[in-house]
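[1] sharing a model that was predicted from the sequence below.
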Amino acid sequence: MRFAEILRENIDTNALYSVFRNLQGEANQEKKALVLHYGPFQPVQGAINKDLNEIMSNIGYPQFTGIDDINVVYDDPKFKDIIEEFDSDMIVIKTDASLPGKAEQPKDDTSDKLAAMATNATNTAMSQDLTPGDNTEIS
């Protein structure tokens, strides 16, 4: 039996969710991003860094050993609302602050420009008097 299957059978996801929510609340109070490490502990500058395996041990649950274990937890829909992203070494919890170095993505206004151009073309066409059979060109 794989560890992920043992984890699925032995973990109280409600308790783990409560732990994640409490940590999220602490991070929001400090106005910092929250990173939970379960692989090599490489702190992220400017974020609150916690050892997830230590937390798991403190609440009596098995440690996370890889991304398959996180996938087991992430399969529970309630975790999709609290986990921002994860990889083979860490979980980033959604907080009011973003990770340092992750600038807000600029808004792509291409669709806005396209919509404005289409509206302009429609208005131009509608404002011209076109009679059927008339060879008037739209400019």
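    Received, thanks.
[2] all contacts plus neighbour counts: C-alpha atoms, from now on.
    Will do.
[3] poorly predicted segments of this structure, please.
    Where the chain drops to pLDDT under 70, the residues are 1-12, 102-118, 121-123, 125-139.
[4] show me where the protein has helices.
    All helices of the chain, identified by DSSP state H, fall at 3-10, 13-30, 52-58, 67-74, 77-80, 110-127.
[5] how far off helix 13-30 does the fourth one point, in degrees?
    Read that as helix 67-74. Counting by axes from the mean of the first three to the mean of the last three C-alpha atoms, to 10 degrees, helix 67-74 points 90 degrees away from the direction of helix 13-30.
[6] which parts of helix 67-74 are buried?
    By neighbour count with 16 or more other C-alpha atoms under 10 Å, helix 67-74 contains the buried residues 67, 69-70, 73-74.
[7] now swap in the second one and tell me
    For helix 13-30, a neighbour-count test (16+ other C-alpha under 10 Å) marks 13, 16-17, 20-21, 23-24, 27-28 as buried.
[8] OK, contacts around the spatially closest residue to residue 93 that is not a sequence neighbour?
    Excluding its sequence neighbours, the residue lying closest to residue 93 (C-alpha to C-alpha, 6 or more residues apart in numbering) is residue 83, at 4.6 Å. Going by C-alpha atoms under 8 Å, 6 or more residues apart in numbering, residue 83 touches 74, 91-94.
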